[in-house]
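Asks: Show me the folded form of this:
(chains A, B, C and D)
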There are 2 protein chains.
Amino acid sequence: MASANTFLRQQPLLQLLQQTDGEISAQELHQRLRATRHRAGLATVYRVLKQLQQAGIVRCRKLPSGEAVYAPVDRDEHHLTCVQCGHIQTLPLCPISSGSLGLGVVVMQGFRPLFHTFEIHGLCRRCQQNEISGNV
Amino acid sequence: MASANTFLRQQPLLQLLQQTDGEISAQELHQRLRATRHRAGLATVYRVLKQLQQAGIVRCRKLPSGEAVYAPVDRDEHHLTCVQCGHIQTLPLCPISSGSLGLGVVVMQGFRPLFHTFEIHGLCRRCQQNEISGNV
DNA sequence: GCTAGAACGACAACCATTCTCATACTTGGG
DNA sequence: CCCAAGTATGAGAATGGTTGTCGTTCTAGC
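Replies: Down below sits the predicted model:
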């Protein structure tokens, strides 16, 4: 159950997330926390991240590499990912905030949306060029 | 380089994917392939899946559990995922096919899109109810 | 048939994440 | 102020999907 103590844990981690540009992994958060007076075990970092996620404060996304990266939900960014080299660039498009897609259907099903991910996977310019010449 | 042999590997795997409802993991594909005369090592299954993905034939998505699931790209399905219990349901919404979102920006950046993922994460009805009564 | 190069697969290695469990802390009584 | 019960913590082990290794097998061209 969420005690006052729980919130004390969440706060420094949340601050770190907000100070960080882009997305950050749990491992990296753990490292950075070590440098402060709020150091916490890796297990705790994962526990707190899960709480923040379920509270709708933080969002999470899996990279192709398998590691999960986190960011505040209010930072509504999406991404282009190259399926070959894994290179990532941010995507200036959001189906939700652009108002082009309603979530009515979702809510009607009794589901409470907290955050969404929208990603486009493909080949970046560089990998397309390599494909033509060197080929893989 | 892609030899005729390579394509022979891809075909049975692709058939399995097309015969399967929804998404399927590499491990599961490997298991099912064992039952046929097209059995292949796990490493090969992963290799072929990567080729099919880079060829724009198959798409891939990571579940919260960490495992990757695959499906033919032409099956344009997206998902609702509960951040608590992990329950998944399909989502009758697509920002691309609904025409509400153009990919012009992406292409203009020299990026060649192959597939996209759109997921909404939140709390399913059951988990919302448990939250009220039992609380976590 | 022979050779060079590609593909294969069994198994080891990797690594992010989760689990375990003994310890430390918090809180509400007494 | 002290105690007991219930939580939270963290070090390290365990897990498990994925990727790397490397000797073997296959293919294509001659």
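
Asks: Tell me where the model's unsure across chain A.
Replies: Along chain A, segments meeting pLDDT under 70 span A:1-5, A:108, A:132-136.

Asks: Minimum distance to DNA strand D, which residue of it gives it?
Replies: A:Gly41 (2.3 Å; Cβ to the nearest atom of the strand). Quick note: C-beta positions are derived from backbone N, CA and C, even for glycine.

Asks: per-domain residue ranges of chain A.
Replies: Following the assignment in automatic domain parsing, chain A carries domains at A:1-75, A:76-136.

Asks: Check whether the last one comes into contact with DNA strand D.
Replies: Translated: domain A:76-136. No. For a cut-off given as Cβ under 7 Å from any atom of the strand, domain A:76-136 has no contacts with DNA strand D; the smallest distance is 9.4 Å.

Asks: can you give me the offset of stretch A:92-103 from its chain's centre?
Replies: Put simply, stretch A:92-103 sits 18 Å off its chain's centre (Cα atoms, centre = their mean, to the nearest Å).

Asks: wait, does it make contact with chain B?
Replies: Yes. If you take Cβ under 8 Å from any Cβ of the partner chain as the test, stretch A:92-103 does meet chain B, through A:Pro92, A:Leu93, A:Pro95, A:Ser98, A:Ser100, A:Leu101, A:Leu103.

Asks: related to what we said a few turns ago, for DNA strand C, which of the domains of chain A is the nearest?
Replies: That would be, of the domains of chain A and by Cβ to the nearest atom of the strand, domain A:1-75, which comes in at 3.0 Å.

Asks: immediately after the top strand by length along chain A, which helix or strand?
Replies: Ranked by residue count and defined by DSSP state E, the top strand of chain A is strand A:112-123. Where DSSP states H and E defines the elements, the next helix or strand beyond strand A:112-123 is helix A:125-132.

Asks: contact partners of the helix ranked longest in chain A?
Replies: Using DSSP state H, we find that the single longest helix of chain A is helix A:4-19. Residues outside helix A:4-19 that contact it (Cβ atoms under 8 Å, 6 or more residues apart in numbering or on different chains) are A:24, A:29, A:32-33, A:36, A:38, A:40, A:44-45, A:48-49, A:51-52, A:57-58, A:70-72.

Asks: again, only this time at 7 Å
Replies: Surrounding helix A:4-19, the residues in contact under the criterion Cβ atoms under 7 Å, 6 or more residues apart in numbering or on different chains are A:24, A:29, A:32-33, A:36, A:38, A:40, A:44-45, A:48, A:51-52, A:57-58, A:70-72.

Asks: One more: stretch A:66-78?
Replies: By Cβ under 7 Å, 6+ apart, the list of residues contacting stretch A:66-78 from outside reads A:17-18, A:22-26, A:49, A:56-63, A:90-91, A:93-94, A:97, A:115, A:118-119, B:66.
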